[in-house]
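Just a sequence and a predicted model for now, questions to come.
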Amino acid sequence: MFEGVSIDLIVTFMAGAAALAMAYALWRGFVYKDPYEARLKAMADRRATYKAAALGVGGKPGNQPVKGVLRNLAKKVGSKKANEKKKDGVSLRTFLARAGIRHKDAPEYFLLAQIAFPFIFGGVTALYILLLAKLSLSPMMSLLICAGGSAIGYFAPRLWVQNRITKRKKALRRSLPDALDLLVVCAEAGLALNAALDRVVREMTRSSAEIADELGLLLIELNFLDERRKAFTNLCDRTDLDEFRSIANTLQQAEKYGTPLAQALRVLGADFRQERLTKAEEKAARLPAILTVPMIIFILPTLFIVIIGPAILKTLDSLSKM
């Protein structure tokens, strides 16, 4: 097959291919890509969606449901349960929004995952036990293991969302004092609330995308909802943080009674920073108690070996010569 092809030609071709691959790798490594362009585009699309909903017109064509088996199945499974409130008074859509998942079909996909994952996890567990592991287990034990896999599959989506909520709350708490300080500066410069929020969103996009996302949604709802109070209520529901409830109450009182916005926000920012410092001091105070067990398990045995080890060796050597 390669009788008419010389070795030099093959080596030249391979060297050229390697040079092209190296050039492509260097180009991909040095070309700058802004990671926030996609987020800014998503916020612009979300702004258009809120505007269309507030004005009572149709949304963008790209936001219309895409026909497909998975989409239709998800809608059939969870279309009625997406906005139903649970025992804690929170709907599934709000629960997902607290994790930063705001796609309009997200509740349907979540419910579909809760139905499908138990079968998938259980099937994978059964396949592993029967074919791959080849364990000599009793039928009852195999059934219990498969049931455990199905239970993990059922709770996996909710645990994943809950983990995202916890991380998002930590990010919001960490960057909230900085956002408040910037909002105070904008308010003292004479900007109105909407203009100040818009400035804060543009400045905080790179340093804290989470709080920029939440304040951006607040700004969108303030512009397009009929009642401004509803926008602040939605902010409190999405974040589920006492800090944002305090901010929402302060902003509503400032608009209602005409109180100085900058002074109230400055006091809130100082309180939040003091609270963050107090939590850091509490963690530092718990550190000795937390380190006690690792010291006993890992450090003290090594220390005893270093101190007593030579004496034991000398004693054994002396006993062996007797």
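Looks like it came in fine. Residues are numbered from 1 along each chain as shown.

and the longest helix for the chain?
In the chain, ranked by residue count with DSSP state H as the criterion, the top helix is helix 139-188.

So what touches the helix or strand just after it?
Downstream of helix 139-188, the next assigned helix or strand under DSSP states H and E is helix 193-204. Helix 193-204 has contacts (C-beta atoms under 8 Å, 6 or more residues apart in numbering) with 175, 178-179, 182-183, 186-187, 191, 211-212, 215-216, 218-219, 222-223, 251, 254-255, 261. No exception for glycine: its C-beta is placed from N, CA and C like everyone else's.

which residues touch Gln114?
Residues in contact with Gln114 (C-beta under 8 Å, 6+ apart) are 154, 157-158.

and which of those is nearest to Leu137?
Closest approach to Leu137 among these (C-beta to C-beta): Tyr154, at 22.5 Å.

could you redo the contacts of Gln114 as TSV and give each row distance to Ile307 and pLDDT?
Listed next are these as TSV, based on distance: C-beta to C-beta, whole Å; pLDDT from 0 to 100:
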residue	distance to Ile307	pLDDT
Tyr154	53	90
Pro157	53	91
Arg158	51	91
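
Just the buried residues of the residues you listed.
By neighbour count, with 16 or more other C-beta atoms under 10 Å, the contacts of Gln114 hold 154, 157 as buried.

Pick the one among the contacts of Gln114 closest to Ala23.
Pro157 (43.3 Å).

What is the neighbour count of the nearest residue to the closest one once chain neighbours are set aside?
If the residues on either side of it in the chain are set aside, Pro157 comes closest to Ala113, at 4.5 Å by C-beta to C-beta, 6 or more residues apart in numbering. Other residues within reach of Ala113 by the criterion other C-beta atoms under 10 Å amount to 21.

which parts of the strand or helix carrying Ala113 are buried?
Per DSSP H and E: Ala113 is located in helix 106-127. Buried residues in helix 106-127, counted by 16+ other C-beta under 10 Å: 106-114, 117-118, 121-122, 125-126.

The closest residue in space to Leu180 that isn't next to it in sequence: neighbour count?
Nearest residue to Leu180, sequence neighbours excluded (C-beta to C-beta, 6+ apart): Gly269, at 3.8 Å. By other C-beta under 10 Å, 20 other residues sit near Gly269.

my read: Gly269 touches Pro177, true?
Yes - between Gly269 and Pro177 there is a contact under C-beta atoms under 8 Å: 5.3 Å.

In terms of secondary structure, what does the helix or strand hosting Ala289 contact?
Here Ala289, judged by DSSP H and E, is contained in helix 261-294. On a contact count with 3 or more C-beta pairs under 8 Å, 6 or more residues apart in numbering; DSSP states H and E, helix 261-294 meets helix 139-188, helix 242-257.

any idea which of those helices scores lowest on pLDDT?
When the helices and strands packed on helix 261-294 are ranked by mean pLDDT, helix 242-257 comes last with a mean of 84.

Give me the residues contacting it.
Taking C-beta under 8 Å, 6+ apart as the rule, helix 242-257 contacts 172-173, 176, 180, 193, 214, 228-229, 232-233, 235-236, 259-261, 264-265, 268, 272.

filter these to the buried ones?
Looks like these have 172-173, 176, 180, 193, 214, 228, 232, 235-236, 261, 264-265, 268, 272 buried, using 16+ other C-beta under 10 Å.

ok, Ala187 - contacts?
193, 196, 261-262, 265.

mind listing what the closest residue to it other than its chain neighbours touches?
Once flanking residues are discounted, Ala187 sits nearest to Ala262: 4.1 Å by C-beta to C-beta, 6+ apart. Residues in contact with Ala262 (C-beta under 8 Å, 6+ apart) are 184, 187-188.

Could you measure from the nearest residue to Gly153 once chain neighbours are set aside over to Leu143?
Leaving aside its sequence neighbours, Gly153 sits nearest to Phe121 (C-beta to C-beta, 6+ apart; 3.1 Å). Distance from Phe121 to Leu143, counting by C-beta to C-beta, to the nearest Å: 14 Å.

got it, and Thr205?
Distance of Thr205 to Leu143, computed by C-beta to C-beta: 52 Å.

the more surrounded of these two?
Taking other C-beta under 10 Å, Thr205 and Leu143 do not tie; Thr205 has more neighbours (17 against 13).

my guess is that one contacts Ile211, does it?
No - using C-beta under 8 Å, Thr205 is not in contact with Ile211, being 9.5 Å away.

Measure how buried the closest residue to Phe272 other than its chain neighbours is and give me the count.
With C-beta to C-beta, 6+ apart as the criterion, Phe272 has its nearest non-adjacent residue at 4.8 Å, and that residue is Pro177. Pro177 has 19 neighbouring residues, counting by other C-beta under 10 Å.

Give me the distance between Pro177 and Ile247.
Distance from Pro177 to Ile247, counting by C-beta to C-beta: 11 Å.

so where's the stretch 201-322 of the chain shaky on pLDDT?
Scanning the stretch 201-322 of the chain for pLDDT under 70 picks out 322.

wait, doesn't the residue nearest to Gly153 sit right on Ser150?
Yes - contact between Phe121 and Ser150 holds when scored by C-beta under 8 Å: they sit 5.8 Å apart.
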